[in-house]
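Student: Below are the sequence and a predicted model; questions follow.
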Amino acid sequence: MSTGRVRFVGCGPGAADLLTLRAVRAIAAADVVVWSPTLLAEAVVVEHARPDAELVAWPPATQRDIVAVYGRAAREGLQVVRLKGGDPTFFGELQDDLRELRALGVDVEVVPGVTAVSAGAAALCCEIATAAAPLVLAAAGAPADAGAGVVGVLNTGRDPAAVAAGLAARGLAPSTPCAVLVAVSRPGEIVVTCALDELAETLRDYGSPGLTTVLAGPAVAAARSGTRR
């Protein structure tokens, strides 16, 4: 079985000092780093990569070339990093890559990064999401009520029934896939999936005040199932 791994690493909005420590460690461990000069300056990649690491610039590399790197990861047990702007889970176009990697049997990890939204709010020196006025993210051109989107709710551990009722009030069906995330990215994190009609009970079982996030929407159906502690 392959010991290769591909990490999709969020490199933030472009500033070298907004790379996370986890991103830097991933780059330093990689045999191959796929990057783009539109995302991160080459000097920054060279600074953090091993001297013997292979750097694949995209472009001129094509998606076919990158898929070939995935094949080498499977055959040769390579550690590969593919840099993504901001955070890979925000419009990172991962679906095709994930299908290829699952077919190859290569282990996949996503390393979160600072989003352009967060960096923009910091530049404005303002708070753009509050309990009274939550932030809704949408792709350019998408209708405001796009039914295929994901709704995120922060700090959901205090009133599980109200969270579930609020999502239902948005028009989400009882069967809508949901993910409950507790202390995510910290030691002992919990990730468990359920349907919306099971959400209140799941939050009561696993939620923790102030540390629990819920994601609800069709995309969650493709998430890794099960609970991690």
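Tutor: The structure has been received and is ready for your questions. Numbering: from 1, shown residues only.
Student: List the contacts of the residue nearest the centre of the chain.
Tutor: Residue closest to the mean C-alpha point of the chain, counted by CA atoms, centre = their mean, is residue 89 at 3.3 Å. When contacts are counted by CB atoms under 8 Å, 6 or more residues apart in numbering, residue 89 touches 110, 112. C-beta coordinates here come from the backbone N, C-alpha and C atoms, glycine included.
Student: heads up, I number from 45, so please use that
Tutor: Okay, using 45 as the starting number, the last item reads as residue 133.
Student: Are we agreed that it is in a helix?
Tutor: No - the assignment for residue 133 (DSSP: H, G, I helix; E, B strand; the rest coil) gives coil, which keeps it out of a helix.
Student: What's the separation between it and residue 158?
Tutor: With distances taken as CB to CB, to the nearest Å, residue 133 is found 13 Å from residue 158.
Student: Domain parsing of the protein, as residue ranges.
Tutor: Using automatic domain parsing, the domains assigned to the chain come out as 49-161, 195-266.
Student: Can you check which of those domains gets nearest to residue 173?
Tutor: domain 195-266 (7.9 Å; CB to CB).
Student: Do me a favour and get the end-to-end distance for that closest one?
Tutor: End-to-end span of domain 195-266 (CA to CA, to the nearest Å): 15 Å.
Student: what pLDDT, on average, does it get?
Tutor: Across domain 195-266, pLDDT averages out at 85.
Student: Over to stretch 153-173?
Tutor: 85.
Student: Mind listing what's buried along that stretch?
Tutor: Residues of stretch 153-173 classed as buried: 154-163 (neighbour count, 16 or more other CB atoms under 10 Å).
Student: Tell me the buried residues in the host helix or strand of residue 100?
Tutor: Assigned by DSSP states H and E, residue 100 belongs to strand 98-101. Buried residues in strand 98-101, counted by 16+ other CB under 10 Å: residue 100.
Student: what do you get for stretch 102-109?
Tutor: residue 102.
Student: contacting residues around that stretch?
Tutor: Under CB under 8 Å, 6+ apart, the answer for stretch 102-109 is 78-80, 100, 110, 140.
Student: farthest-separated two in those?
Tutor: Once CB to CB is applied, the contacts of stretch 102-109 give 79 and 140 as the farthest pair, at 18.4 Å.
Student: If you count surrounding residues, which of the two has more?
Tutor: Neighbour tally, residue 79 and residue 140, criterion other CB atoms under 10 Å: the higher count belongs to residue 79, 24 against 10.
Student: Could you say which helix or strand holds the spatially closest residue to the more buried one that is not a sequence neighbour?
Tutor: Excluding its sequence neighbours, the residue lying closest to residue 79 (CB to CB, 6 or more residues apart in numbering) is residue 127, at 4.5 Å. Here residue 127 sits within strand 123-128, counting by DSSP H and E.
Student: for whichever helix or strand comes after that strand, packing partners?
Tutor: Counting by DSSP H and E, the next helix or strand C-terminal to strand 123-128 is helix 139-148. Where contact means 3 or more CB pairs under 8 Å, 6 or more residues apart in numbering; DSSP states H and E, helix 139-148 is packed against strand 49-54, helix 107-120, strand 151-155.
Student: I'm done for today, thanks for sticking with me.
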